[in-house]
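**Q** all I have is the shape, not the residue letters:
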């Protein structure tokens, strides 16, 4: 049991160290890449959002 | 007849054992002294030794009979400087003491075991009071020897092996002060003659001469381990308990052998304990009574000529090795005792009673013998106090695993009673707490490392104006390009002065070079009434690290149709400290130690009189209880 605990603890501390080192976060953020054709057009990414996300339709909490 | 030492009073003729004293009137015949009981002592007349820087020679010896049976030797050491030292030998231990002065000795009747005597010396306490009788003598004696004389005495113990004796045979009492010594310290160990079988066979005198005797009841063979120190013998075959007096055995009583099973470690067994070969010479069953429930345990008396006597105790299948300790070195309070830098907690107290004996013993043991006991524990050690009307003793025991005892004596022993905990048994999972401490240190180290990387550098601060209206495209604002180092988390903080309304921010963080777009959203809302309020005009979100380089933030706002413009204040910081992960880590690391701690509470509860002290764990009449070869 003690060996398992030690392994578990070392994994936890190691994971925490990785979080501190890499800047990892638990979030819902998503990443995509703007196609090269769009990137080739100056300022083209400014309309990219609507191609992929569109109108959110959020109406607030009330 | 020759007086080799100028300051001796008596010399004993080696041929006729006549004690001759020299007085101012000349030589006086003090009559014959009793023959010495030969023993396996490593000391002998005319051995030379050293005490500190002073050299001495052993020139005399007397034997003293203890009031409760047993004999000890006193050797008289003549120092080059002309003074005398008393070297007492009892049960394999040696004490060197010198005649000393004492202002006002307490009356013998006032003394009791454990009584402190600060006037004698710091920390000195009475270890034993009793009466003794001078028996035989040999060589030269530094006082007027009277063979057969009885006198009262008190033995004292002090710190660091300090030893004292108040001899009430004289008036006023004579006081001797010294300390416990080893033969090696005296420089005698190397020169002492080796004792072999032939010497032991040649033992003469009123003690037990032979290693094998016949039981006077059943004629069974009794193999003696320490014949010269034997005071009681209990026949392992018929249970006859015999007293040893002047070399003769006389049956005192027949013990009921069927009451207890045979010991799993047979009498006479030899085993290596603490680096020394020790032989089992006696076995006894003792009991204590707790609210009507009797609890029994076994004690094995072990003997080694150099070490003297030790004990091996079996309590509910839990074993411990017991050694005597200097009682003056024990500082006992009501519920605590300190010895050797350790603090022990009181776990048991009560009366201990001898129930059954087998084998040989160095004192006049008999069933029914009772002492008051207190047990203090600091695993794996236990300090035990045993107090009788005339003696106070402390002993220190060390917990032994059953497997180690089995290997030592080549026997198979019973498992410890299910759920029981030995008095000195270490908690088996203490390692979990040590590991927790280690992991805690590592976690704090990782936390400190994270702190060095969490600079909280502000990468962007912008105030974005959103025009009135809700048409798609009209509510989108871009930030100025800003630079991220990468490899660190990103905190986005947004503020909008909403009041009973909401805004919804859809954000894209765009890497100008790679085209990577990170999507996330941040709603901001705040509502309030007469006496309530919820939400906040401020919102925060922490993103995981993204690539380094120049970035632009695209912010799209959604909100209710309105005719007023909106302002959002945005701040982006890179590398912020996240305490929640540290707290989560601590919580995870503490889960197992927490449940281990709960388990330990139950374990300690059992140690302090739980399962291990229930009387039903001993099958009194079962001979199958032990499983041994």
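**A** Yes, it's here. Remember, predicted model here, so these are calculated numbers, not experimental data.
**Q** name the nearest residue to residue B:236, sequence neighbours excluded.
**A** residue B:358 (4.7 Å; Cβ to Cβ, 6 or more residues apart in numbering or on different chains). Bear in mind the C-beta positions are built from the backbone N, C-alpha and C, glycine included.
**Q** can you pull out the helices in chain A?
**A** Ranges of helices within chain A are A:2-22, A:36-39, A:48-52, based on DSSP state H.
**Q** and of those, who's closest to chain B?
**A** helix A:2-22 (3.1 Å; Cβ to the nearest Cβ).
**Q** so the closest one, near chain B or not?
**A** Yes: Helix A:2-22 reaches chain B (Cβ under 8 Å from any Cβ of the partner chain) through A:2, A:5-6, A:8-10, A:12-13, A:15-17, A:19-22.
**Q** right, and the helix or strand after the helix or strand of chain B with the lowest mean pLDDT?
**A** The helix or strand of chain B with the lowest confidence, counting by mean pLDDT, DSSP states H and E, is helix B:197-201 at a mean of 40. Moving toward the C-terminus from helix B:197-201, the next helix or strand (DSSP states H and E) is strand B:212-214.
**Q** helices or strands next to the helix or strand that comes right after that following strand in the packing?
**A** Next helix or strand after strand B:212-214 toward the C-terminus (DSSP H and E): strand B:221-223. Applying 3 or more Cβ pairs under 8 Å, 6 or more residues apart in numbering or on different chains; DSSP states H and E, we find strand B:221-223 packed against strand B:212-214.
**Q** which SS class is residue B:37?
**A** Here residue B:37 is coil, with the state taken from DSSP: H, G, I helix; E, B strand; the rest coil.
**Q** contact partners for residue A:23?
**A** By Cβ atoms under 8 Å, 6 or more residues apart in numbering or on different chains, residue A:23 lies in contact with B:453, B:487-490, B:544-545, B:575.
**Q** if we use 6 Å, what do you get?
**A** By Cβ atoms under 6 Å, 6 or more residues apart in numbering or on different chains, the contact list for residue A:23 reads B:487-489, B:545.
**Q** do residue B:512 as well
**A** By Cβ under 6 Å, 6+ apart, the contact list for residue B:512 reads residue B:550.
**Q** tell me the confidence at it?
**A** Predicted confidence (pLDDT) for residue B:512: 86.
**Q** need phi/psi at the residue located most distally from the centre of chain B.
**A** Within chain B, residue B:563 marks the point farthest from the mean C-alpha position, 82.9 Å out by Cα atoms, centre = their mean. Torsion angles at residue B:563 (phi, psi; degrees, to the nearest 10) stand at phi -100, psi 10.
**Q** against chain A, how distant is the nearest residue to it once chain neighbours are set aside?
**A** Leaving aside its sequence neighbours, residue B:563 sits nearest to residue B:468 (Cβ to Cβ, 6+ apart; 5.0 Å). Using Cβ to the nearest Cβ, to the nearest Å, residue B:468 is found at 17 Å from chain A.
**Q** follow-up on the earlier one: would you mind writing the PyMOL command to select the buried ones in the residues of helix A:2-22 next to chain B?
**A** The buried residues among the residues of helix A:2-22 next to chain B can be selected in PyMOL (16 or more other Cβ atoms under 10 Å in any protein chain shown) with this line:
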select buried, chain A and resi 5+6+8+9+12+13+15+16+17+19+20
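**Q** farthest pair in the residues of helix A:2-22 next to chain B?
**A** A:2 and A:22 (29.9 Å; Cβ to Cβ).
**Q** tell me the buried residues in stretch B:587-594?
**A** Neighbour-count burial for stretch B:587-594 [16+ other Cβ under 10 Å]: B:588-589, B:592-593.
**Q** give me the low-pLDDT residue ranges for the chain?
**A** The chain I'm using is chain A. Residue ranges of chain A with pLDDT under 70: A:36-62.
**Q** oops, chain B please
**A** Looking at chain B by pLDDT under 70, you get B:1, B:38-40, B:68-70, B:91, B:189-211, B:246-247, B:470-474, B:609-629.
**Q** mind running it again at 50?
**A** By pLDDT under 50, the low-scoring segments of chain B are B:190-209, B:611-629.
**Q** biggest strand in it, by residue count?
**A** Counting residues, the longest strand in chain B under DSSP state E turns out to be strand B:342-361.
**Q** remind me what that one packs against, helices and strands.
**A** Where contact means 3 or more Cβ pairs under 6 Å, 6 or more residues apart in numbering or on different chains; DSSP states H and E, strand B:342-361 is packed against strand B:232-234, strand B:276-290, strand B:370-378.
**Q** and the residue of the stretch 301-450 of chain B nearest chain A?
**A** Closest point on the stretch 301-450 of chain B to chain A, by Cβ to the nearest Cβ, is residue B:450, at 3.1 Å.
**Q** let me see the backbone angles for that residue.
**A** phi -60, psi -30.
**Q** name the nearest residue to residue 6, ignoring sequence neighbours.
**A** You didn't say which chain, so I picked chain A. Spatial nearest neighbour of residue A:6, excluding adjacent residues (Cβ to Cβ, 6+ apart): residue B:435 at 5.2 Å.
**Q** wrong one, chain B
**A** Residue B:6 sits nearest to residue B:82 (Cβ to Cβ, 6+ apart), 7.6 Å away.
**Q** how many residues are close by that neighbour?
**A** 9 (other Cβ atoms under 10 Å in any protein chain shown).
**Q** tell me the SS of it?
**A** Applying three-state DSSP: residue B:82 is coil.
**Q** residue A:2 reaches residue B:433, doesn't it?
**A** No: applying Cβ atoms under 6 Å, one finds residue A:2 not in contact with residue B:433, separated by 10.2 Å.
**Q** and chain B, which residues reach chain A?
**A** B:431-432, B:435, B:439, B:442-443, B:446, B:449-450, B:487-489, B:502, B:504, B:506, B:508, B:510, B:515-520, B:525, B:542-545, B:558, B:581, B:585, B:588-589, B:592 (Cβ under 6 Å from any Cβ of the partner chain).
**Q** so which of these sit within helices?
**A** Counting by DSSP H, these place B:431-432, B:435, B:439, B:442-443, B:446, B:449-450, B:581, B:585, B:588-589, B:592 in helices.
**Q** max pairwise distance over these: which two?
**A** By the measure Cβ to Cβ, B:431 and B:450 form the most distant pair in those, at 28.0 Å.
**Q** those two: who's more crowded?
**A** Using other Cβ under 10 Å, the more surrounded residue of residue B:431 and residue B:450 is residue B:450, with 21 against 15.
**Q** for the more buried one, which non-adjacent residue is closest in space?
**A** Spatially, and ignoring its direct neighbours in sequence, residue B:450 is nearest to residue A:20 (3.1 Å; Cβ to Cβ, 6+ apart).
**Q** tell me who's in contact with residue B:577.
**A** Counting by Cβ under 6 Å, 6+ apart, residue B:577 has contacts residue B:454.
**Q** quick one: the helices in chain B?
**A** Using DSSP H, helices in chain B cover B:197-201, B:402-409, B:430-453, B:579-607.
**Q** who does the longest one touch, helix- and strand-wise?
**A** This means helix B:579-607. helix A:2-22, helix B:430-453.
**Q** need those helices in CSV (columns: distance to residue B:532).
**A** Formatted as CSV, the helices and strands packed on helix B:579-607 follow (distance: least, Cβ to Cβ, whole Å):
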stretch, distance to residue B:532
helix A:2-22, 37
helix B:430-453, 38
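**Q** what about the ones you listed, which gets the closest to residue B:604?
**A** Of all the helices and strands packed on helix B:579-607, helix B:430-453 sits nearest to residue B:604, with 11.6 Å by Cβ to Cβ.
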